[in-house]
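A.B. asks: need a structure here:
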Amino acid sequence: MSSLKKYYSITITILLLLSLSGCNNKAEDDNKISIACYACGTLFEEFVSEYNETHTELQIELTDYSEYNQTQTSGEGIDRLIKEISAGKIPDIIFWDWLPISTFLDEELLVDLYPYNHKDEA
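C.D. replies: The predicted structure is shown next:
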């Protein structure tokens with residue numbers, strides 16, 4: 001397994017485990033977790049597809065918001081995510097490098113997982 005694929009595997013596993021702790025609010029029959037990303041790349045998309053094929057108990061719905069951009073530098077993707085979050089459609093996990101995090105943290109719409117990720121020394 002390549003180091004990048006191993007990184008994605010470990011990252012997704014950690015994020016899924018952390019996000020499952022908050023799944024008590026969802027209906028019992030809801031076996032999906034949503035991940036929002038921006039230009040996640042084919043390797044990440046392949047990993048999600050492979051995960052979904054081998055794990056029927058929990059499926060990942062991946063939305064790549066870069067697909068909403070009309071040009072490479074336009075901002076329709078981030079605009080769409082912001083509108084969806086404002087409307088209450090918040091993804092379980094956001095995998096985005098340059099998201100305006102402080103805006104969402106101030107409104108308590110997102111939680112920074114960094115402290116949880118670094119508590120585990122394993």
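A.B. asks: hang on, Glu46 in a strand?
C.D. replies: No: applying DSSP: H, G, I helix; E, B strand; the rest coil, one finds Glu46 to be helix, outside a strand.
A.B. asks: neighbours around it, how many?
C.D. replies: Glu46 has 12 neighbouring residues, counting by other Cβ atoms under 10 Å. C-betas here are computed from N, CA, C, even on glycine.
A.B. asks: how close does it sit to Asn52?
C.D. replies: Separation of Glu46 from Asn52 (Cβ to Cβ, to the nearest Å) stands at 11 Å.
A.B. asks: for Thr103, same thing?
C.D. replies: Here the criterion is Cβ to Cβ. By it, Thr103 lies 31 Å from Asn52.
A.B. asks: repeat that for Ile85.
C.D. replies: Ile85 sits 24 Å away from Asn52, going by Cβ to Cβ.
A.B. asks: the two: which is more packed in?
C.D. replies: Shown here are Ile85 and Asn52; by other Cβ under 10 Å, Ile85 has more neighbours (18 against 15).
A.B. asks: which residue packs closest to that one, ignoring adjacent ones?
C.D. replies: Distances taken as Cβ to Cβ, 6 or more residues apart in numbering place Leu109 nearest to Ile85, at 5.7 Å, with adjacent residues excluded.
A.B. asks: and the pLDDT at that neighbour?
C.D. replies: Looking at Leu109, its pLDDT stands at 70.
A.B. asks: which SS class is it?
C.D. replies: Leu109 ends up coil, using three-state DSSP.
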